[in-house]
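A.B. asks: Got a sequence here, can you model it:
(one chain, ligands or ions: 2)
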Amino acid sequence: MINMKSIALIGFMGSGKTTIGQILGKELTYPVIDVDEQIEKKTNMTIKKIFETKGENWFREKEGEELNKWVDQNVIVSTGGGIITKEQNRNQLKEQFNTIWLRTSFEEIMKRLAGEQDTRPLWRKPVEERRQLFLDRESLYKQVAHYIIWTDGRSQDEIAQEIINLLQLYKTEK
Ligand SMILES: Nc1ncnc2c1ncn2[C@@H]1O[C@H](COP(=O)(O)OP(=O)(O)OP(=O)(O)O)[C@@H](O)[C@H]1O
Ligand SMILES: O=C(O)C1=C[C@@H](O)[C@@H](O)[C@H](O)C1
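C.D. replies: Residues are numbered from 1 along each chain as shown. Ligands and ions are numbered 1, 2, ... in the order given. Here you go, the predicted structure:
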């Protein structure tokens, strides 16, 4: 065990939270919780459907409830890209998790998510609105991140290894 706090991966859509979460889970033998997936399972609805029928605010509340469950559980939590839009979630990520921001440039996100507008409702916007959403969120991720890892031009394995090294370092410093 590295320490008691769960690890939370944060970052914009397409930054790699889901894929890197899976690699970390295998390497560290920690359970991996994907917040989007948990909400879809529990509501038996896709995120697209939730946004259409319940609205974004309702979804944000569900994200908060989900996050709350995984405090001090020694798990890896892959969050949804917008979890930091709620102040309560930001406080929780800052105070009760080892929070890692998978920082990725807008240009790289555009490449990774080309053709994925259907599953990500907030990506279905004109490019300038997407850019604005991206810029608005940068400062929110920064507020809560304990570690920042740039992902542009780096493989998911490389990124996962860097995270493991960081967490080990933290352990030996304590
Ligand atoms: N370091 C990387 N280099 C290249 N492609 C990557 C990298 N990380 C993730 N990807 C690709 O980007 C896409 C999105 O990755 P992933 O679903 O893990 O992101 P996410 O942060 O979980 O997104 P969301 O919040 O929308 O669920 C996938 O096709 C994935 O293979
Ligand atoms: O960036 C966002 O606001 C979102 C990201 C996805 O992970 C999903 O949580 C949902 O599509 C909203």
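A.B. asks: So which elements touch the worst-scoring helix or strand of the chain on mean pLDDT?
C.D. replies: One helix or strand of the chain scores below all others by mean pLDDT, DSSP states H and E: helix 156-173, with a mean of 82. With contacts taken as 3 or more C-beta pairs under 8 Å, 6 or more residues apart in numbering; DSSP states H and E, helix 156-173 sits against helix 17-28, strand 97-103, strand 147-150. To be clear about C-beta, it is placed using only N, CA and C from the backbone, and glycine gets the same treatment.
A.B. asks: Can you check which of the ones you listed gets nearest to Asn57?
C.D. replies: helix 17-28 (21.7 Å; C-beta to C-beta).
A.B. asks: how about the residue lying closest to Arg130 once chain neighbours are set aside, what does it touch?
C.D. replies: Closest residue to Arg130 apart from its sequence neighbours, by C-beta to C-beta, 6 or more residues apart in numbering: Trp123 at 6.5 Å. Trp123 makes contact with Met13, Leu113, Glu116, Gln117, Arg130 under the criterion C-beta atoms under 8 Å, 6 or more residues apart in numbering.
A.B. asks: so which of these comes closest to Gly82?
C.D. replies: Met13 (8.4 Å).
A.B. asks: That closest one touches Ile109, doesn't it?
C.D. replies: Yes: in this structure, Met13 is within contact of Ile109 by C-beta atoms under 8 Å, at 6.9 Å.
A.B. asks: quick revisit: out of the contacts of Trp123, which are buried?
C.D. replies: Among the contacts of Trp123, those buried by neighbour count (16 or more other C-beta atoms under 10 Å) are Met13, Leu113, Arg130.
A.B. asks: So which of these are in helices?
C.D. replies: Mapping these onto helices (DSSP state H) picks out Arg130.
A.B. asks: Present the buried ones among the contacts of Trp123 as CSV; the columns should include pLDDT.
C.D. replies: Below are the buried ones among the contacts of Trp123 laid out as CSV (pLDDT from 0 to 100):
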residue, pLDDT
Met13, 94
Leu113, 92
Arg130, 94
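A.B. asks: Export the buried ones among the contacts of Trp123 to CSV and append columns for distance to Ser78.
C.D. replies: As requested, the buried ones among the contacts of Trp123 are arranged in CSV below (distance: C-beta to C-beta, whole Å):
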residue, distance to Ser78
Met13, 12
Leu113, 16
Arg130, 21
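A.B. asks: which ones among the buried ones among the contacts of Trp123 come in contact with ligand 1?
C.D. replies: Met13 (C-beta under 6 Å from any ligand atom).
A.B. asks: For ligand 2, state which of the buried ones among the contacts of Trp123 is nearest.
C.D. replies: Checking those against ligand 2 with C-beta to the nearest ligand atom, the nearest one is Met13 at 4.7 Å.
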